[in-house]
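>>> got a predicted structure here, sequence first:
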Amino acid sequence: MKRHTASVVALALIAAACGSGTTSSPEPKPTSLTLVAYDSFSVEPEAFNAFTTATGIAVKVVTAGDAGTMLSKAALTAGKPEGDVMWGVDNTLLARALRSEVFRPYTSPQLSALNPEAVALAPRHELTPVDEGDVCINYDIAWFAEHELAPPTTLDELTQPAYRDLLVVENPATSSPGLAFMLATIAASGDAGWQQYWQSLRANGVSVVDSWDQAYYEQFSASTGKGPRPLVVSYGSSPPAEVVFASPRPDTAPTGVMASSCFHQVEFAGVLRGTKYPTASGQLVDYLVSMAFQEMLPLTLFVYPVRTGATVPQEFTDYAVRPKDPLTVSPAEIEAKSKDWITTWTEIVVR
């Protein structure tokens, strides 16, 4: 009975949020909306049931590759989109997304409830922040204990002989976390030092793969794949996932996070320019930042809610790492320099 009452209250709040966006011109009400997302968007279809009940509009999720590929496809069809709302452009892709004019500005009435620093990244509201997290080096706790070696605590330590052939990273040209880690090294070492840093990493046996899945599930020693490398570029919230999905469930996380390596990531959702249903699409954006949906995110996408006051599960409190001062690079600088940075990185590390 208590669960039923809580559901009714939550639904009423969601309906209020979803009903608050309007446009000046009338438009037909859709029976469904298409949410375009990256391949690893693992939110269950049932997560949209409350939105459908409140609005009468179903939500269809269509995946379109990783975030960079998804944005490239959207840029080619800007103004004639293959969906209505997009989820997953992050701060490393933000300036490119705005330049490509993929999104229609929408000022959600929920903005005041969101992290103001995240909202400020898109001041004209072409995009609305939906989650936050950090890309960080993860390490295999048991491996380091067995080898009587302390896990690295700084980026510079990764170039030392003690950590030779231990690190696997993703290619920044093909992977969002790979790009974030390259940016972390640029933020830490500066324009004058990052190239030398990667030369040192290469000399110390860093392994490069195309995707996070390959790095984590095939190369990382603490994953189900039991790979050969005990250091991997992953997320500050990966340790809770190792606890939640393990069977039997361990007493503590088997992986740790090197906090000094973390690069802050903000993901956004936005109304696609050219949608036939801008009002309904705005309502969907409102739902994505509603308290009910935001509190689903930690144990579905393993990210932090962007909504102020949203609770996170105990597993996040116990095992995730969220540094106070993560490494950052401005979206404008990323847009201006990332192509050259990736070209230079490729020449140093891959060729």
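Sure, I can see it. Numbering: from 1, shown residues only.
>>> show me the contact partners of the helix or strand hosting Arg202.
Secondary structure from DSSP states H and E places Arg202 in helix 194-203. The contact list for helix 194-203 (Cβ atoms under 8 Å, 6 or more residues apart in numbering) reads 155-156, 158-159, 167, 185-186, 188-189, 344-345, 348-349. For the C-beta atoms, the positions are set from N, CA and C on the backbone; glycine is no exception.
>>> repeat that for stretch 108-116.
Counting by Cβ under 8 Å, 6+ apart, 17, 20-21, 119, 125, 128-129, 132, 282, 285-286, 289-290, 306-309 sit against stretch 108-116.
>>> immediately after the lengthiest strand in the chain, which helix or strand?
For the chain, the strand with the greatest residue count under DSSP state E is strand 255-272. Next in sequence after strand 255-272, counting helices and strands by DSSP H and E, comes helix 278-288.
>>> between that next one and strand 255-272, how many degrees?
160 degrees (axes from the mean of the first three to the mean of the last three Cα atoms, to 10 degrees).
>>> C-alpha coordinates for the next helix or strand after helix 278-288, PDB please?
Once the chain leaves helix 278-288, the next helix or strand it forms, by DSSP H and E, is helix 291-294. Extracted C-alpha coordinates of helix 291-294, given in PDB (Å, rounded to 0.1, in the frame of the first residue of the first chain):
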ATOM      1  CA  MET A 291      14.000  13.300  -9.600                       C
ATOM      2  CA  ALA A 292      12.500   9.900 -10.400                       C
ATOM      3  CA  PHE A 293      14.500   9.400 -13.500                       C
ATOM      4  CA  GLN A 294      17.700  10.900 -12.100                       C
END
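>>> where do the domain boundaries of the protein fall?
The chain resolves into domains spanning 2-132+265-305, 134-264+324-349 when parsed by automatic domain parsing.
>>> now the helix holding Arg202: buried residues?
194-195, 197-198, 201 (16 or more other Cβ atoms under 10 Å).
>>> likewise stretch 27-39?
Buried residues in stretch 27-39 (16+ other Cβ under 10 Å): 30, 33-38.
>>> between these, which sits nearest Gly270?
Val36 (10.2 Å; Cβ to Cβ).
>>> helix, strand, or coil at that closest one?
strand (DSSP: H, G, I helix; E, B strand; the rest coil).
>>> report the contact partners of it.
Residues near Val36 by Cβ under 8 Å, 6+ apart: 62-64, 70, 74, 81-83, 85-87, 272.
>>> weakest of the domains of the chain in terms of mean pLDDT?
Across the domains of the chain, domain 2-132+265-305 has the smallest mean pLDDT, namely a mean of 87.
>>> tell me how far that domain lies from the chain's centre.
Computed by Cα atoms, centre = their mean, to the nearest Å, the chain-centroid distance of domain 2-132+265-305 equals 14 Å.
>>> if we can go back for a sec, wait, which of the contacts of Val36 is closest to Gln294?
Nearest to Gln294 among the contacts of Val36, with distances taken as Cβ to Cβ, is Trp87, at 13.0 Å.
>>> in the sheet, who's paired with that closest one?
Assessed by DSSP bridges, Trp87 has beta-bridge partners Ala37, Ala269.
>>> list the contacts of it.
Contact analysis of Trp87 by Cβ under 8 Å, 6+ apart lists 35-38, 41, 130, 267, 269, 288.
>>> farthest pair in those residues?
Tyr38 and Leu288, at 14.4 Å, using Cβ to Cβ across those.
>>> identify the residues contacting the helix or strand containing Ile186?
Element membership of Ile186, judged by DSSP H and E, is helix 176-189. For helix 176-189, the surrounding residues in contact (Cβ under 8 Å, 6+ apart) are 66-68, 90, 92-93, 135, 137, 155, 169-173, 194, 196-198, 212, 233-235, 261-263, 265, 327-329, 334, 338, 341-342, 345.
>>> thinking again about what came up before, TSV for the buried residues of stretch 27-39, including distance to Thr53?
Output for those, formatted as TSV (distance: Cβ to Cβ, whole Å):
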residue	distance to Thr53
Pro30	16
Leu33	14
Thr34	19
Leu35	17
Val36	23
Ala37	21
Tyr38	26
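>>> so can I have JSON lines of the domains of the chain showing distance to Thr317?
Formatted as JSON lines, the domains of the chain follow (distance: least, Cβ to Cβ, whole Å):
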{"stretch": "domain 2-132+265-305", "distance to Thr317": "10"}
{"stretch": "domain 134-264+324-349", "distance to Thr317": "9"}
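>>> for His125, grab the count of nearby residues.
17 (other Cβ atoms under 10 Å).
>>> could you measure from it over to Ala37?
Distance, His125 to Ala37, by Cβ to Cβ, to the nearest Å: 20 Å.
>>> what of Val89?
10 Å.
>>> between those two, what contacts are shared?
By Cβ under 8 Å, 6+ apart, the residues touching both Val89 and Ala37 are Met70.
>>> turn the contacts of Trp87 into JSON lines, columns for distance to Gln219.
As requested, the contacts of Trp87 are arranged in JSON lines below (distance: Cβ to Cβ, whole Å):
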{"residue": "Leu35", "distance to Gln219": "32"}
{"residue": "Val36", "distance to Gln219": "30"}
{"residue": "Ala37", "distance to Gln219": "26"}
{"residue": "Tyr38", "distance to Gln219": "21"}
{"residue": "Phe41", "distance to Gln219": "23"}
{"residue": "Val130", "distance to Gln219": "30"}
{"residue": "Glu267", "distance to Gln219": "25"}
{"residue": "Ala269", "distance to Gln219": "31"}
{"residue": "Leu288", "distance to Gln219": "33"}
